[in-house]
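J.: Here's a sequence, model it:
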Amino acid sequence: MPRARTSKPAPSEENTAPSGTTAPGPSIDASFLHTLVGYNARRASMSIIEVFVERMATHDLKMVEFSVLSLVSHNPGITSRQLCAALDVMPPNLVGLIAALERRKLIERRPHPTDRRAVGVHLTPAGAELTAQAERTAAQLEMDATYRLTDAERKTLIQLLQKIYN
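T.: Predicted structure coming up:
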């Protein structure tokens with residue numbers, strides 16, 4: 001099982017320079033940084049993203065593509081405006097992404113049933129299958145990356161992080 005990096009280096013890493021050679025001098029004092037939520041959240045995020053990128057490569061998906069497919073899967077007919085709000089992305093950035101997923105035949109756009117101005121986004125059968133596989137991969141990589149946490153700790157961590165950005 002791959003191990004996620006922790007914010008504190010293992011003893012063998014403490015005085016190691018990027019090239020793998022021993023760095024001269026005393027170990028670095030990062031105690032202040034370790035008190036910062038942003039620093040710790042970023043370090044944890046980086047370790048999970050590294051595993052995410054590696055494992056989603058087998059599905060040929062980037063993080064934002066996975067997020068769009070997952071949202072569409074769980075919200076058939078979601079509009080581009082709703083996707084932008086849910087992902088906190090600007091509409092111009094979503095246009096190319098939707099077009100690329102459509103070219104890959106993973107999603108399709110259909111007229112919205114009640115709003116003639118809107119278009120709903122739906123998964124194709126191929127998109128539904130890929131999303132199901134990718135969600136299983138994502139769930140497993142999350143478990144692998146957070147293996148040091150109990151289920152209760154994992155749930156609490158997610159709730160606390162959501163309190164910051166919601």
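J.: for M90, phi and psi?
T.: Note on M90: its backbone torsions stand at phi -80, psi 140 [degrees, to the nearest 10].
J.: er, E102 actually
T.: phi -70, psi -40.
J.: Sketch out the helices for this protein, chain order is fine.
T.: 37-56, 63-74, 80-87, 91-103, 125-145, 151-165 (DSSP state H).
J.: mind checking which of those is nearest G25?
T.: helix 37-56 (22.2 Å; CB to CB). Glycine gets a C-beta too; all of them are placed from N, C-alpha and C.
J.: which phi and psi does D60 have?
T.: phi 60, psi 50.
J.: pLDDT score assigned to R116?
T.: pLDDT, R116: 83.
J.: for the one 10 residues further on, same thing?
T.: Turning to A126, the model gives it a pLDDT of 98.
J.: quick one: contacts for the residue nearest in space to the middle of the chain?
T.: For the chain, the residue lying nearest the average C-alpha position, counting by CA atoms, centre = their mean, turns out to be M63 (5.2 Å). Going by CB atoms under 8 Å, 6 or more residues apart in numbering, M63 touches I49, F52, V53, M56.
J.: Mind giving me the PyMOL select for these, buried ones only?
T.: Only the buried entries of these go into this PyMOL selection, using 16 or more other CB atoms under 10 Å:
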select buried, resi 52+56
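J.: that older thread, for D115, which of the helices of the chain is the nearest?
T.: helix 80-87 (10.2 Å).
J.: other SSEs contacting the closest one?
T.: Helices and strands touching helix 80-87, by 3 or more CB pairs under 8 Å, 6 or more residues apart in numbering; DSSP states H and E, are helix 63-74, helix 91-103, strand 119-123.
J.: For the ones you listed, could you give me JSON lines that also reports distance to A145 and mean pLDDT?
T.: Putting the helices and strands packed on helix 80-87 into JSON lines (distance: least, CB to CB, whole Å; pLDDT from 0 to 100) gives the following:
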{"stretch": "helix 63-74", "distance to A145": "14", "mean pLDDT": "97"}
{"stretch": "helix 91-103", "distance to A145": "25", "mean pLDDT": "95"}
{"stretch": "strand 119-123", "distance to A145": "26", "mean pLDDT": "96"}
